[in-house]
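Chemist: just to be clear, the model below is a prediction. Sequence and coordinates:
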Amino acid sequence: MESECPIDAELRREISALLEAPPPAQVEHYLNQLIQTRQCHAITVKHNGHLGKGVYAVSDLEGVELVLKDQMLVGHQHYSNKIECLVCSFCFRFVGSVEQQIGRRLYLQELGVSSNCCPQSDEEEEEELGQCGSSNSAYKDKVPLPKGLAEALMNGELKLPYSDKVSMPQAVSCPGGCGETYYCSKLCAESDWNSSHCLLCTGERSEVVSREALVKFIQHANETNDIFLLAAKAVASTILNYRKLKLTRSEGDNKPNVSGSPYLSLLLEAWKPISVGHKRRWWDCVALPIDVKSSDEAAFRMQIRELAFTSLQLLKAAIYDEECKPIFSLEIYGHIIGMFELNNLDLVVASPVEDYFLYIDDLPDPEKKEAEEITRPFLDALGDDYSVCCQGTAFYPLQSSC
């Protein structure tokens, strides 16, 4: 028997208004405004009646001309990848130092922490990293370091030769004190805090309703599907956009309606960045896994719906806002996740660790030989997958919507 979300029945009109596709002209205008703010003057968005939205060049493009620079709306580094790459939680730039990146990864490896944080079969290991670096089967060929060496490297007690040739910004801690997110600058830390993290931080200075509930939500997402964490960012950003709009507008201009959402017009405005993305319910649009028989499809989709409902209940307990009640409906939550399923793009950032070892390899003799006497044990300990990049998923306002 499927679980029922009472908000779905209570606020049907508000939910319908949020999920109604904006008129093509309105979407076109909104996306072209974004293009102007990105300073990308060579392109425009147009709506074709047969093909839908599209990006068109307004003039001939030079071979080296930057066509599009799109700032992601929400992005998330995969949970498993956080073991291997320490990056800014807002712009996903690598942070720290070459020593910290290598030492941290090898230290966690010594502790037996895998990229999945759970035991894997050989077949699963071989499938895990196809895109950046080689597969985790390379662990079999890694040469362990002497005890304590990885920790010393991670803590800055050891310095690798020429590591200053590959610079990274120092890691900035989360302003909320969670100890789970790091940034490349105070600007990125403040931007993430103001856009969503203040409601999703487990630290003492968080603005969350219940830190205990938030911890449970994060744990559930990490154990099931980390797309829920991305959905939480979308919900949190909508709430914060709503609050900012409410502060800047007179309450007298927004009369309460009888259905329970006092400021629906403000909520619709706050929702606009997400409204332009094509959506379907997640459990309706997710692809059927190859190991699920067609006769079991209905049961599979029901299971996915129940998974989303459990996630939503945990998130609601953590960050609920009564004035933004419609976005805590299962219908809205399912459509947000479905939007990511249909439109998300891979988030990939190349590793500076690879640049470092390439720099060492390009050194002339005898500098190369002298440097490799120090770096070779660390390269052997990392194995063939030393160059694993930051991997995640993101929704881009322009690229994901056209």
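Modeler: Okay, I see it.

Chemist: show me the strands in the chain, by range?
Modeler: Applying DSSP state E to the chain gives strands spanning 43-48, 52-57, 74-77, 172-173, 182-183, 345-349, 390-395.

Chemist: ok now the third one, how far from the chain's centre?
Modeler: Looking back up the chat, that one is strand 74-77. On the basis of CA atoms, centre = their mean, to the nearest Å, strand 74-77 sits 1 Å off its chain's mean C-alpha point.

Chemist: helices and strands around that strand, which ones?
Modeler: Applying 3 or more CB pairs under 8 Å, 6 or more residues apart in numbering; DSSP states H and E, we find strand 74-77 packed against helix 227-248, strand 345-349, strand 390-395. Every residue, glycine included, has its C-beta placed from N, CA and C.

Chemist: for the first one, what is the average pLDDT?
Modeler: Translated: helix 227-248. For helix 227-248, mean pLDDT rounds to 95.

Chemist: same question, the last one
Modeler: Predicted confidence along strand 390-395 averages 95 (mean pLDDT).

Chemist: what lines up beside it in the sheet?
Modeler: Using DSSP bridges, strand 390-395 pairs in its sheet with strand 74-77 (antiparallel), strand 345-349 (antiparallel).

Chemist: which parts of the longest one are buried?
Modeler: Right, strand 345-349. Judged by neighbour count (16 or more other CB atoms under 10 Å), strand 345-349 contains these buried residues: L347, V349.

Chemist: mean confidence for it?
Modeler: Averaged across strand 345-349, the pLDDT comes to 92.

Chemist: tell me, how many neighbours does Y56 end up with?
Modeler: Neighbourhood size, Y56 [other CB atoms under 10 Å]: 11.

Chemist: contacting residues for it?
Modeler: Each residue near Y56 by CB atoms under 8 Å, 6 or more residues apart in numbering is listed here: I43, T44, V45, K46.

Chemist: ok, now with 7 Å
Modeler: Applying CB atoms under 7 Å, 6 or more residues apart in numbering to Y56 gives the contacts I43, T44, K46.

Chemist: G334 now?
Modeler: Contact partners of G334, counting by CB under 7 Å, 6+ apart, are R281, W282, W283, A308.

Chemist: okay, now the closest residue to it other than its chain neighbours: neighbour count?
Modeler: The spatially closest residue to G334, leaving aside those adjacent along the chain, is R281, at 4.2 Å (CB to CB, 6 or more residues apart in numbering). Here the count is done by other CB under 10 Å, and R281 has 21 residues near it.

Chemist: now R281: how far from P161?
Modeler: Distance of R281 to P161, given as CB to CB, to the nearest Å: 55 Å.

Chemist: my guess is G277 meets M339, correct?
Modeler: Yes. Using CB atoms under 7 Å, G277 is in contact with M339, at 4.5 Å.

Chemist: about what we covered before: most tightly packed of the helices and strands packed on strand 74-77?
Modeler: Comparing the helices and strands packed on strand 74-77 by mean neighbour count (mean count of other CB atoms under 10 Å), strand 390-395 ranks first with a mean of 22.

Chemist: what angle do that strand and helix 227-248 make?
Modeler: If you take axes from the mean of the first three to the mean of the last three CA atoms, to 10 degrees, strand 390-395 sits at 50 degrees to helix 227-248.
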